[in-house]
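> I need the structure of the sequence given here:
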Amino acid sequence: MANLRELAESHLSTARTDKRGRSAELVANDGPLRQTIIALREGIRLAEHNSPPAASLQVLTGRVRVELETESQGEFDEGELWILTHERHSVLALADSVFLLTTVTSQQDQESFS
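The predicted structure follows:
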């Protein structure tokens, strides 16, 4: 079982010294479900990318902004959980940040509980 607090501290420490300003690790992989912890140093951006069929972002520490091509989906602080857009988007760290990205990599015929 993953301890998110310990992982967040470790990955943020690595991101702060990494030349790209980031650190990530897949912490859960169960069928179509993936959970990845991602740490970004302030000012570092995850480049624009496609969204999987379903995804959420939970900020463990810091503050991030999810940006669409011409607008912002929103800014999210520590403790906030957000369902991500289905549009191409990027993520910008507004402070040294760690978030848990949860994705579903294929559609499931199940009810959503979000």
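> Could you use CA atoms for every contact and neighbour count after this?
Fine.
> what comes up buried for stretch 9-27?
By 16 or more other Cα atoms under 10 Å, the buried positions in stretch 9-27 come out as 11-16, 21-24, 27.
> ok, I38 touching A93?
No - between I38 and A93 there is no contact under Cα atoms under 8 Å: 10.7 Å.
> Now the common contact residues for those two.
Contact with both I38 and A93 is made by no residue, according to Cα atoms under 8 Å, 6 or more residues apart in numbering.
> Let me know the pLDDT of Q110.
Looking at Q110, its pLDDT is 50.
> Same check on T70?
69.
> do the one 3 residues further on as well
The pLDDT attached to Q73 in the predicted structure is 73.
> now do P52
At P52, pLDDT is 82.
> and what of the one 3 residues further on?
For A55, the model assigns a pLDDT of 92.
> For stretch 24-43, buried residues please.
Neighbour count says stretch 24-43 has 24, 27, 34-42 buried, by 16+ other Cα under 10 Å.
> now the residues you listed as a markdown table including pLDDT and distance to E69?
Shown next, in a markdown table, are the buried residues of stretch 24-43 (pLDDT from 0 to 100; distance: Cα to Cα, whole Å):
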| residue | pLDDT | distance to E69 |
| --- | --- | --- |
| A24 | 97 | 24 |
| V27 | 96 | 29 |
| R34 | 94 | 25 |
| Q35 | 96 | 25 |
| T36 | 96 | 24 |
| I37 | 97 | 24 |
| I38 | 97 | 22 |
| A39 | 98 | 23 |
| L40 | 98 | 20 |
| R41 | 98 | 22 |
| E42 | 98 | 21 |
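> Relative to R5, which of those is nearest.
I37 (10.6 Å; Cα to Cα).
> Among the buried residues of stretch 24-43, which are located in strands?
Judged by DSSP state E, strands contain the following of those: 24, 27, 34-40.
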